[in-house]
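S.K.: Take a look and give me a structure for this.
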Amino acid sequence: MSDLFETAKLDENAPRPLADRLRPKRLDEVVGQDHLLGPAGALTRLVQGGSLGSLILWGPPGSGKTTVARLLAHETNLAFAQISAIFSGVADLKKTFEAARARRATGQGTLLFVDEIHRFNRAQQDSFLPVMEDGTITLIGATTENPSFELNAALLSRARVMTFKSLDAAAIEKLLARAEEMEGRKLPLDADAREALIAMADGDGRAALTLSEEIWRAAREGEIFDRAALAEVVQRRAPIYDKAQEGHYNLISALHKCVRGSDPDAALYYFARMLDAGEDPLFLARRIVRMAVEDIGLADPQALVVANAAKDAYDFLGSPEGELALAQALIYVATAPKSNAGYVAYKKARRLAEEKGSLMPPKIILNAPTKMMREEGYGEGYEYDHDAPDAFSGQNYWPESLKRQKLYRPVERGFERELAKRLDYWERLRRERNSK
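M.R.: Sure thing, here's the model as predicted:
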């Protein structure tokens, strides 16, 4: 029945959201994806070559994935079919594949667009493989999640991933200009409020147009909104961020690398982004402790003390005051001298222990609580370091079958400079005393 309405164009006067009415009718009308759809773009080349192949469109919400899939079907003369992984099951997939086979029998190919394809389980994803391989369908899957994490390797090997970007300010501005042209009126915003609207869209074109509709509905005759009035009218759109999904991991990765790269300003920015999105401050506190251990280590032993103190301060003060303690700890670790020498040494020690197995320590450092153990030579020849010159005996403590290893190599930064001097001093004494 819906096809009949569409054919008769009876649905054109039905109420439709602005984002739907502004949906591009040609690929060159899509904004913000020039790397894919520009004159030298990857998708442009595929369309011009006449062979599309199966694709995975990966990108944030509102970046144009569904629109592009529809337009590709038109450009390639394929029948367009669409399903959503949220609402479809095995029976729906079978029905869709049967319809595609029927079209193929008449010489008509099918472009099957699967929205949220990452929500299909592994078995459901595998069901696409035979119909992709025999050409029954050209699959275009859309996902907001990293395909390498969420999609089967077999499916990925048969499809090319196209990465969509969040729309930048210029692309959002183009959409707003088109909306104003279609509506025949300007958005009732001053320059500052317009800039704020673009920021609120957070790179999502659909969100920008939805917010625009809200503004037009709310504005009285002749009224112009400033930034404060805009925020009051549309409230504030929550950042795109899911604590269990990729946005979470992207931001925490960015935060950690900013600290490792000694950039406190960038670190504070990502820290604020995560708090703004509703991240648990204690998760961030634990990460700051990890930074102190993993990336600073003994170059500044105080970093771990500061990080733990900040965590305790947050526990004591709660939010929002406790978050300042975490911010201060973040600045401390970002500006501290960096060394992963302790981390590297620990990993070497673990690997050595796993490779060499249960080697017996030398008997000189084994206790001898029984007569039999004393008779076996346990503890024999051990030199008590406090009684030795410089409180250092220089004895070998490594298993007899394993020569002395060098695992910890301090860097010439921060407190590890002093540790390097100590280790060099002890190594010199060891050589002197063992040469006698």
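S.K.: contacts, neighbours, all on C-alpha from now
M.R.: Noted.
S.K.: The most centrally placed residue in the chain is in what secondary structure piece?
M.R.: The C-alpha lying nearest the average C-alpha coordinate of the chain belongs to Asn250 (Cα atoms, centre = their mean; 2.4 Å). Asn250 is part of helix 246-260 when elements are defined by DSSP states H and E.
S.K.: same thing with Leu111?
M.R.: strand 110-115.
S.K.: What pairs with that strand, parallel or antiparallel?
M.R.: Paired strands of strand 110-115, with direction, are strand 79-84 (parallel), strand 137-143 (parallel) (DSSP bridges).
S.K.: What separation is there between the residue nearest to the centre of the chain and Leu167?
M.R.: Here Asn250 is placed at a distance of 18 Å from Leu167 (Cα to Cα, to the nearest Å).
S.K.: what's the answer for Met360, then?
M.R.: Taking Cα to Cα, one finds Met360 at 63 Å from Leu167.
S.K.: More neighbours: which of the two?
M.R.: Legend: neighbour count by other Cα atoms under 10 Å for Met360 and Leu167, higher for Leu167 (23 against 12).
S.K.: in a helix, that's where the more buried one is, yeah?
M.R.: No - counting by DSSP: H, G, I helix; E, B strand; the rest coil, Leu167 is not part of a helix but coil.
S.K.: count of residues packed around the closest residue to it other than its chain neighbours?
M.R.: Excluding its sequence neighbours, the residue lying closest to Leu167 (Cα to Cα, 6 or more residues apart in numbering) is Gly203, at 4.4 Å. Here the number of neighbours of Gly203 (other Cα under 10 Å) works out to 24.
S.K.: phi, psi of Gly203?
M.R.: Main-chain torsions, Gly203, degrees, to the nearest 10: phi 80, psi 10.
S.K.: for Tyr269, same thing?
M.R.: Main-chain dihedrals, Tyr269, degrees, to the nearest 10: phi -60, psi -50.
S.K.: how far away is it from Ala171?
M.R.: Separation of Tyr269 from Ala171 (Cα to Cα) stands at 24 Å.
S.K.: For the two, work out which one has more neighbours and name it.
M.R.: A count of neighbours by other Cα under 10 Å puts Ala171 above the other of Tyr269 and Ala171, at 19 against 13.
S.K.: residues contacting the closest residue to that one other than its chain neighbours?
M.R.: Nearest residue to Ala171 in three dimensions, chain neighbours excluded: Gly32, at 5.2 Å (Cα to Cα, 6+ apart). Residues in contact with Gly32, defined by Cα atoms under 8 Å, 6 or more residues apart in numbering, are 63, 165-168, 171.
S.K.: Where does Gly32 sit: helix, strand or coil?
M.R.: coil.
S.K.: For it, what are phi and psi?
M.R.: Main-chain torsions, Gly32, degrees, to the nearest 10: phi 80, psi 0.
S.K.: domain ranges for the chain?
M.R.: Using automatic domain parsing, the domain parsing of the chain gives 33-163, 169-234, 246-335, 360-434.
S.K.: Minimum distance to Ala341: which of those domains has it?
M.R.: In terms of Cα to Cα, the element of the domains of the chain nearest to Ala341 is domain 360-434, at 5.6 Å.
S.K.: Need the distance between the two termini of the closest one.
M.R.: Note: domain 360-434 ends 22 Å apart using Cα to Cα.
S.K.: average model confidence for it?
M.R.: Averaging pLDDT along domain 360-434 gives 89.
S.K.: re earlier: can you give me the buried ones in the helix holding Asn250?
M.R.: 247-248, 251-252, 254-260 (16 or more other Cα atoms under 10 Å).
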